[in-house]
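Novice: What shape does this take:
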Amino acid sequence: MSYSVGQVAAFANVTVRTLHHYDEIGLLQPGERSHAGHRRYGDEDLDRLQQILFYRELGFPLDEVAALLDDPDADPREHLRRQHDLLAARIEKLKRMAAAVEHAMEARKMGINLTPEEKFEVFGDFDPDVYEEEVRERWGHTDAYKASQRAAASYTKEDWQRLKEGFDAIHQKMADLLAQGVAADSEAAMDVAEEHRRFISGGYYDCSYEMHTGLGEMYVADERFTATYEAIRPGLAVYMRDAMLANAVRNT
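Specialist: From the prediction side, this is the model:
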């Protein structure tokens with residue numbers, strides 16, 4: 001039995017465009033074609049699609065997914081074992097994050113101030129104070145640094161939370177584009193990069209395109225920044241840098 005591209009899209013909760021793209025790049029080519037030339041997918045194709053979607057959900061780029069699935073020495077059972085281990089690790093991490101958020105919500109409800117340790121259960125282990133001296137040495141002489149210091153001095157706790165949520169939303173948009181296989185120099189990715197640049201300008205300092213591309217390079221060159229973006233989605237640091245550079249070229 002075989003299925004049309006529309007039926008498979010409905011089964012898998014993906015778009016027809018996504019299936020067409022997978023076919024075009026050789027990641028998932030339908031096993032059959034109708035007399036009219038339309039794609040028809042069999043059970044083996046559906047099995048492969050399931051494997052693709054597992055790895056995509058876990059943040060693997062399309063080229064890595066293809067390499068994994070097309071490995072001639074790979075055992076299908078090994079794919080399932082690997083995916084199970086990766087999913088179990090993600091579930092455990094999400095459980096810890098959910099518990100930490102619940103704890104923070106309860107503490108806020110009761111008017112209890114969280115300890116620094118408890119706060120970082122939610123927000124991770126990045127401590128900007130650790131890098132303050134380095135930041136001052138590298139950029140303390142610049143107008144951008146002075147502007148960001150003036151802005152920071154006036155920010156309340158709610159302001160910092162708003163900024164964090166804004167950055168998180170932008171980073172998630174970029175991660176979603178990466179997950180969908182959208183090119184870093186596409187209009188969509190460049191638009192999010194521009195949103196990122198404007199957000200910095202609105203919340204910290206006037207971020208020129210030259211400065212923005214410099215930030216992008218730092219996301220890849222500095223392992224601390226790289227780790228932050230890789231934790232959101234593997235490959236995001238490089239993707240961000242490339243999108244920021246493409247956006248700068250587009251606007252200069």
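Novice: which residues in the stretch 51-200 of the chain form helices?
Specialist: Here the stretch 51-200 of the chain has its helices, by DSSP state H, counting those that start in this stretch, at 62-69, 76-110, 116-123, 132-139, 143-154, 157-179, 187-203.
Novice: least reliable of these going by mean pLDDT?
Specialist: Here the lowest mean pLDDT among these goes to helix 116-123, at a mean of 48.
Novice: The residue nearest to Arg56 when sequence neighbours are not counted - how many residues pack around it?
Specialist: Spatially, and ignoring its direct neighbours in sequence, Arg56 is nearest to Ala179 (6.1 Å; C-beta to C-beta, 6 or more residues apart in numbering). Heads up, the C-betas are built off the backbone N, CA and C, glycines and all. Other residues lying near Ala179 total 19 when counted by other C-beta atoms under 10 Å.
Novice: In this structure, which residue is most central in space?
Specialist: Geometric centre of the chain, nearest residue: Ala175, 2.5 Å, by C-alpha atoms, centre = their mean.
Novice: wait, it sits on Ile232?
Specialist: Yes: with contact defined as C-beta atoms under 8 Å, Ala175 reaches Ile232; the gap is 5.2 Å.
Novice: Against Leu58, how distant is Pro234?
Specialist: Pro234 sits 8 Å away from Leu58, going by C-beta to C-beta, to the nearest Å.
Novice: Contact partners for the residue nearest to the centre of the chain?
Specialist: 232-233, 236 (C-beta atoms under 8 Å, 6 or more residues apart in numbering).
Novice: for Glu32, same thing?
Specialist: 2, 39-42.
Novice: Equivalent analysis for Leu53, please.
Specialist: Residues counted as contacts of Leu53 (C-beta under 8 Å, 6+ apart) are 12, 14.
Novice: Kindly recompute the last result at 10 Å.
Specialist: Contact partners of Leu53, counting by C-beta atoms under 10 Å, 6 or more residues apart in numbering, are 12-14, 18, 65.
Novice: among those, which ones are buried?
Specialist: Buried subset of the contacts of Leu53 (neighbour count, 16 or more other C-beta atoms under 10 Å): 12, 14, 18, 65.
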